[in-house]
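Asker: Attaching a predicted model along with its sequence, questions to come.
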Amino acid sequence: MINTYQSSFGKPPPPLPPRQHGGLQPVVFMQPTASKNLTWFLVSVMILQVLLTLGGFVFLYHTERRPSPEGKADFQSSEKLHGSSRTLARMTLEKPSQPALRRSGYLQWDLKHSVRRNINYFYRSSCLTILQPGDYLVLSRVTFSRRDPHTPLASSVKLRRGGGGGGDGGEEVEEEETVAMRAYCSLAGSGSDPQMCTASQVEVMSLRRGEQLSVWVEDLSLVDYTHTATTFGVYKL
């Protein structure tokens, strides 16, 4: 009887079968140096993106802010472009300290409650002096609280060409005036009930440097001196 246990145990193991071409591929492990390089590359890209984002915000911030000659930051907003830089005058009527006399004359304006930009005011003749030539929207609103059967309730915007020296406190030069605008209103009847009417005027006028505008009424005592009831405005288009 043949001892198969001893004979099979003592033989060398059979050789491994050859690998087939479509079988499993060998696994290649990435070297530690290549993995570190990839990690540093991704981190560098993220840092670069953060720096570019911050740089963009800083650029936009400094673009929106422009230092003024006085060294202060001045924002380029719509208010700056269309507000303070705009040429205009919006005048509020000055209430006399004593009752107005029954006479014709220019309306005086309260500089404390009025707004002027690039337009001067000559106090003695109550004239607005144009400093920048161009087309202007001129508005006048005069409210009357009394009537006189012999005097019409009328207001006129008068234009003086080349007078006043073009500045506040400058020497006045007498020039012939023309009536550029005129308006009327009417108070019907009489009695003790308070009544009012407003003579309004609106016109676009081409004005030159040094020309002056003022508001004239036939009787100053008939005007209503309530705040904002009587105003005068000049706006450069």
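Answerer: Now that the structure is in, tell me what you want to look at.
Asker: Quick check: end-to-end length of stretch 160-179?
Answerer: Using CA to CA, to the nearest Å, one end of stretch 160-179 lies 9 Å from the other.
Asker: Now do it, average pLDDT.
Answerer: Computed over stretch 160-179, the mean pLDDT rounds to 62.
Asker: Leu42 should be in a strand, yeah?
Answerer: No: applying DSSP: H, G, I helix; E, B strand; the rest coil, one finds Leu42 to be helix, outside a strand.
Asker: Look up how far Leu52 lies from it.
Answerer: Using CB to CB, to the nearest Å, Leu42 is found at 16 Å from Leu52. C-betas here are computed from N, CA, C, even on glycine.
Asker: do Glu177 as well
Answerer: 66 Å.
Asker: tell me the helices in the chain, going along the chain?
Answerer: Taking DSSP state H, the helices of the chain run over residues 4-10, 32-64, 78-79.
Asker: Mean confidence (pLDDT) on the longest one, please.
Answerer: Think helix 32-64. 67.
Asker: Show me the shaky parts of the chain.
Answerer: Scanning the chain for pLDDT under 70 picks out 1-36, 53-84, 162-175, 189-194.
Asker: Show me it divided up by domain.
Answerer: What automatic domain parsing lists as the domains of the chain is 41-76, 84-236.
Asker: tell me the most buried of the ones you listed?
Answerer: domain 84-236 (a mean of 16; mean count of other CB atoms under 10 Å).
Asker: so Ser156 makes contact with Glu177?
Answerer: No: counting by CB atoms under 8 Å, Ser156 does not reach Glu177; the two are 9.5 Å apart.
Asker: Mutual contacts of those two, please.
Answerer: Common contacts of Ser156 and Glu177 (CB atoms under 8 Å, 6 or more residues apart in numbering): none found.
Asker: Show me where the protein has its strands.
Answerer: Shown for the chain, the strands assigned by DSSP state E span residues 65-67, 73-75, 88-93, 105-106, 109-117, 119-122, 127-130, 134-144, 153-160, 177-185, 197-207, 212-217, 231-236.
Asker: Kindly reformat the ones you listed as CSV containing distance to Met46.
Answerer: Compiled in CSV, those are given as follows (distance: least, CB to CB, whole Å):
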stretch, distance to Met46
strand 65-67, 30
strand 73-75, 33
strand 88-93, 54
strand 105-106, 73
strand 109-117, 52
strand 119-122, 58
strand 127-130, 62
strand 134-144, 56
strand 153-160, 69
strand 177-185, 70
strand 197-207, 61
strand 212-217, 66
strand 231-236, 54
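Asker: Relative to Leu48, which of those strands is closest?
Answerer: For these, the distance to Leu48 is smallest for strand 65-67, at 26.4 Å, taking CB to CB.
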